[in-house]
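# curious how this folds, go ahead:
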Amino acid sequence: MKQLILLRHAKSSWADPGQPDFERPLNERGRTDAPRMGAFLRDALLRPECIVSSPARRALQTAKAVRAAWGDDAPPLSEEARIYEATTGDLQGVIEDRLAACDRLMLVGHELALSALLAQLTGVRAEMPTCSAAVIALRRVDAGLLCGLFRPKKLWRA
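The predicted structure is shown next:
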């Protein structure tokens, strides 16, 4: 059975109000939460075979920090323009295009599209706060079962 991990980018900075949305970086909390989520996914044996990220700066920074948790065994990371400002249809297209090449795919993107896709695939309506991860077992490319929704504030701290 194929799996999909939906990961919302970590907390971003609003320090520069004139900065374009696409260029906003992670803030301090985001730079802390993303590696913690990566370590959690690694320890939970939820290593994606491939990671596809929005090209927005905050999403790519999140994807790279999460990916780093696997060290030398890190999955490949690619950018996909359709994820930035995506509709659920855009995200479905990315999933269909990428799932043929891997059994566990991670999409790193943005709200509201991620929570809408979660609801569409699983019937579960849930907020996806920054840096949260939803793990979905896919029955088909357009239907699945929510296996877990993990939020950085709820992760065990060492």
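# dump the residue contacts of Ala86.
By Cβ atoms under 8 Å, 6 or more residues apart in numbering, the residues touching Ala86 are 54, 94, 109-110, 113. C-betas here are computed from N, CA, C, even on glycine.
# nearest to Arg42 among those residues?
The nearest member of the contacts of Ala86 to Arg42, counting by Cβ to Cβ, is Gly109 at 20.5 Å.
# related to what we said a few turns ago, mind picking the two most distant members of the contacts of Ala86?
Across the contacts of Ala86, the longest distance by Cβ to Cβ is 12.9 Å; it joins Val94 and His110.
# touching both of the two, which residues are there?
83, 86.
# want to throw the contacts of Ala86 into TSV with distance to Phe150?
Formatted as TSV, the contacts of Ala86 follow (distance: Cβ to Cβ, whole Å):
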residue	distance to Phe150
Ser54	20
Val94	21
Gly109	16
His110	18
Ala113	19
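# any weak-confidence spans in this protein?
Scanning the chain for pLDDT under 70 picks out the ranges 156-158.
# that one: helices as residue ranges?
Taking DSSP state H as the test, the helices found in the chain are 28-43, 57-67, 88-99, 113-122.
# most neighbours per residue, which of those?
Across the helices of the chain, averaging neighbours per residue (mean count of other Cβ atoms under 10 Å) puts helix 57-67 on top, at a mean of 24.
# tell me what angle it forms with helix 28-43.
Interaxial angle, helix 57-67 versus helix 28-43 (axes from the mean of the first three to the mean of the last three Cα atoms, to 10 degrees): 40 degrees.
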